[in-house]
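*Asks:* Structure, please.
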Amino acid sequence: SELEAAQLRLEHQQQEQALRNQIHLQELERKRQSLDLDLSVARQQLDQRLTLLNSEVQATVAKAEAVSPDLIAALQAFGDKALAERMAETMAPLAILGGTSVVDALGNLLRGTRLEEVLLRSQGLLPGDPNK
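*Replies:* Residues are numbered from 1 along each chain as shown. Here you go, the predicted structure:
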């Protein structure tokens, strides 16, 4: 009878262990499915981020291509003309004191510089559009 009781206990423990193993396997499967879902969401987020970054790169490349040498030259010429005008305004009192015209005083100051060409074009002494 003691042997039978021990045998029953052993069978009961084996059944209990089999149930625990089954529960543990089910828990592991749920965790695996949850991790698979997390991984899938993370991949989708990375794909979206990559798409966004590619779009930003393409936009930056398009902007860089839009800056042509002609645009740079036009902006530079515009800045040179504006600077020459401001210098002429500033030089007016000096020209009056020196008894010369503003153009002559400014011409003397700018002689040998790139702005001399801008001044000469604005006076029509060089070919080219002074508004460039």
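*Asks:* low-scoring pLDDT stretches of the chain, where are they?
*Replies:* For the chain, applying pLDDT under 70 flags the ranges 119, 123-132.
*Asks:* Kindly list the longest helix within it.
*Replies:* helix 2-66 (DSSP state H).
*Asks:* Off-centre distance for it?
*Replies:* Relative to the chain's own centre, helix 2-66 is displaced by 36 Å; criterion: Cα atoms, centre = their mean, to the nearest Å.
*Asks:* After it, heading C-terminal, what element do we hit next?
*Replies:* Remark: after helix 2-66, the chain's next helix or strand is helix 69-98, criterion DSSP states H and E.
*Asks:* In that next one, which residues are buried?
*Replies:* Buried positions in helix 69-98, judged by neighbour count with 16 or more other Cβ atoms under 10 Å: Ala77, Asp80, Lys81, Ala84, Met87, Ala88, Met91, Ala95. The way it works is simple: take the backbone N, C-alpha and C, and place the C-beta from them, glycine included.
*Asks:* which residue packs closest to the second one, ignoring adjacent ones?
*Replies:* Counting by Cβ to Cβ, 6 or more residues apart in numbering, the nearest residue to Asp80 once its immediate chain neighbours are dropped is Val118, at 4.5 Å.
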